[in-house]
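Trainee: prediction below, plus the sequence it came from.
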Amino acid sequence: MHNKINKLTLAVTLASAVMASGHAAASGFQVREQSAKVLGNAMAGAAAGAEDVSYMTFNPAAIGNVEGTQVAGGISYIDANFKLTDASASPAGSPLSYDRGGSREGGEEAWVPSFAFKTRLNERFDLGLAISAPYGLSTKYDKEWIGRYHAVETELETIDIQPTLNYRATDRLNLAVGLRAQYADATLSNAIDLGGQGVRAGQLPPSAIGNADGMAEVTGDDWGYGYTLGALFQATERTRLGISYRSEVELTLDGDVDYSSGDPVGQQVLAVSGLQDAGGKADLTTPANLNLGIYHQLTDRLALMANAEWTEWSSFKELTVESGGRELSTTTENWDDTWAFSVGANYQLNQQWLLRAGLGVDESPVPDSEHRTPRVPDADRRWATLGATWMPTSEFGVTAGYMHVFGDDGDIDQSGTKPENARRGDLSGTYEVDANVFALSMDYRF
């Protein structure tokens, strides 16, 4: 027992270094890239795969399928690309254009690390710890780009610390519960049309509209708490069923609102506008989700799997920033709940090599073009994945996985006639989206 405690202490120490910032290759701002093995099968083994301890991020009961003590760690590299084409933007009801010729691409590169550890306490109980980044977002545009009044930078970093207890109810059934302590840190920025404000105040001529910008940046962080539940059932010697649920986490990101302008005219307007640096906050709910899966060992070499994941994105209704008790800005989201479906296969080439592949489809939570924003230019997508696991010994394994995300084109139609866009103006166009993800992980059994 003393050795098990020492191993758990080591796991906590290593886990404290893990934090992620990722652009979600999944829909919304979800990040599923927490395991190279799961990624190699297009997430098809998330609920029922249970090959090693890394699967506990998706189903906490997975640790009941792993003998003894195991540690796993990995990292995923996400290269997301999106570009606004056929774009136009102007003050509401005006023929003027906000186009300054800045790049309309906002994709970012990101690294997503993950860590998991488990040990068997006795014949009935397993104890585990997972560190992951289930949500993340990173989009950044030129400060001169055409949609600058709607968004310039959006960054969300999260870390989930998940201690887990699994109960081996029978030889075939594992039941698990886990606590989720989630930390989130966010940055939101956009340009402000200070020239337009000066025109409306009678201080500047109409030519100043769109030509004297300032910047507003909101930063904040918070801790929130939730839980996860899971069950893993060995229906037959060759078939395994899995189900897991992860609760939503409510966060209030407290921080600061900062204003600036590099334009002399903008500085003049900023000085008399009442826009001053102050504290700020924004409420954010990371959604609940449910995973259902099946894993079937068709032959001694070939295994097939499938997974369905439901995400309660309807909890993301709006993004409102407040400062000093007053509302600074609101963006209506009104997202829909979504389903993602995937299928995958493993082929045991020989004793050391296991080959992986999978396909998946993922619905976008964005209901229509009026609710698509430059911060999350989301659309329906499909995945194709390949992967391989090399096990030089029975205790040690290395896995590499690759995913290509094919995103549908998504129209955006933000109207300046909406009250929340009164100072942002119109923005329309079509987003083209795709992403590449590379994952590498290692696992070791003591």
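Mentor: Happy to help now that I have it.
Trainee: pLDDT value on residue 56, please?
Mentor: pLDDT for residue 56: 96.
Trainee: tell me the contacts of it?
Mentor: Contacts for residue 56 were tallied using CB atoms under 8 Å, 6 or more residues apart in numbering; they are 62-63, 116, 118, 128, 130, 162, 164, 176, 178. Every residue, glycine included, has its C-beta placed from N, CA and C.
Trainee: can you put those in a markdown table and add pLDDT, secondary structure and distance to residue 220?
Mentor: Rendered in a markdown table, the data for these read as follows (pLDDT from 0 to 100; DSSP: H, G, I helix; E, B strand; the rest coil; distance: CB to CB, whole Å):
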| residue | pLDDT | secondary structure | distance to residue 220 |
| --- | --- | --- | --- |
| 62 | 97 | helix | 34 |
| 63 | 97 | helix | 34 |
| 116 | 97 | strand | 29 |
| 118 | 97 | strand | 34 |
| 128 | 97 | strand | 31 |
| 130 | 97 | strand | 25 |
| 162 | 97 | strand | 23 |
| 164 | 98 | strand | 29 |
| 176 | 98 | strand | 33 |
| 178 | 97 | strand | 26 |
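Trainee: pull the most distant pair out of the residues you listed.
Mentor: In the contacts of residue 56, two members sit farther apart than any others by CB to CB. They are 116 and 176, at 13.1 Å.
Trainee: out of the contacts of residue 56, who's the most crowded?
Mentor: Using other CB atoms under 10 Å as the neighbour test, the contacts of residue 56 are led by residue 62, with 35 neighbours.
Trainee: so how far is residue 371 from that one?
Mentor: Distance, residue 62 to residue 371, using CB to CB, to the nearest Å: 36 Å.
Trainee: residues touching the nearest residue to residue 332 once chain neighbours are set aside, list them.
Mentor: With sequence-adjacent residues excluded and distances taken as CB to CB, 6 or more residues apart in numbering, residue 332 is closest to residue 318, at 5.1 Å. By CB under 8 Å, 6+ apart, the contact list for residue 318 reads 330-334.
Trainee: strands - which of the residues you listed land there?
Mentor: Judged by DSSP state E, the contacts of residue 318 include 330-332 as members of strands.
Trainee: please identify the buried residues of stretch 209-225?
Mentor: Of all the residues in stretch 209-225, those buried under the rule 16 or more other CB atoms under 10 Å are 209-220, 222, 224.
Trainee: sorry, wrong one. I was asking about stretch 132-150.
Mentor: Buried positions in stretch 132-150, judged by neighbour count with 16+ other CB under 10 Å: 132-141, 143, 145-150.
Trainee: residue 250 - that's part of a strand, no?
Mentor: Yes - following the definition DSSP: H, G, I helix; E, B strand; the rest coil, residue 250 is counted among the residues of a strand.
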